[in-house]
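A.B. asks: here you go, sequence then predicted model.
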Amino acid sequence: MAVMIHSKYGYEPPEWVQADARLDRWYKNKRRAKQHGAFSLDKNKEVQHESRRVRNNASHQHSLL
């Protein structure tokens with residue numbers, strides 16, 4: 001019989017423990033990225049338009065001088 005390892009999900013074979021660890025890391029990274037707005041398309045568009053607007057205003061003011 002295979003060796004069973006006690007993990008936070010109970011007793012599992014070593015392969016399942018490794019798979020659980022990989023899934024836990026993947027979910028943690030995905031959640032962290034979501035909290036920082038990596039998957040927010042609206043937020044990225046707002047920032048891009050705002051920076052473009054600031055740059056256009058600066059070049060316009062510079063050309064008036």
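C.D. replies: Sure thing, it's come through.

A.B. asks: helix, strand, or coil at residue 37?
C.D. replies: When classified by DSSP: H, G, I helix; E, B strand; the rest coil, residue 37 comes out as coil.

A.B. asks: report how many residues lie close to it.
C.D. replies: Here the count is done by other CB atoms under 10 Å, and residue 37 has 12 residues near it. Heads up, the C-betas are built off the backbone N, CA and C, glycines and all.

A.B. asks: what of residue 5?
C.D. replies: Residue 5: 14 neighbours (other CB under 10 Å).

A.B. asks: pretty sure it is touching residue 15, no?
C.D. replies: No. Between residue 5 and residue 15 there is no contact under CB atoms under 8 Å: 10.0 Å.

A.B. asks: go through stretch 4-16 and flag the buried ones.
C.D. replies: 12, 16 (16 or more other CB atoms under 10 Å).

A.B. asks: need the residues that contact that stretch.
C.D. replies: In this structure, residues lying in contact with stretch 4-16 by CB atoms under 8 Å, 6 or more residues apart in numbering are 2, 3, 17, 20.
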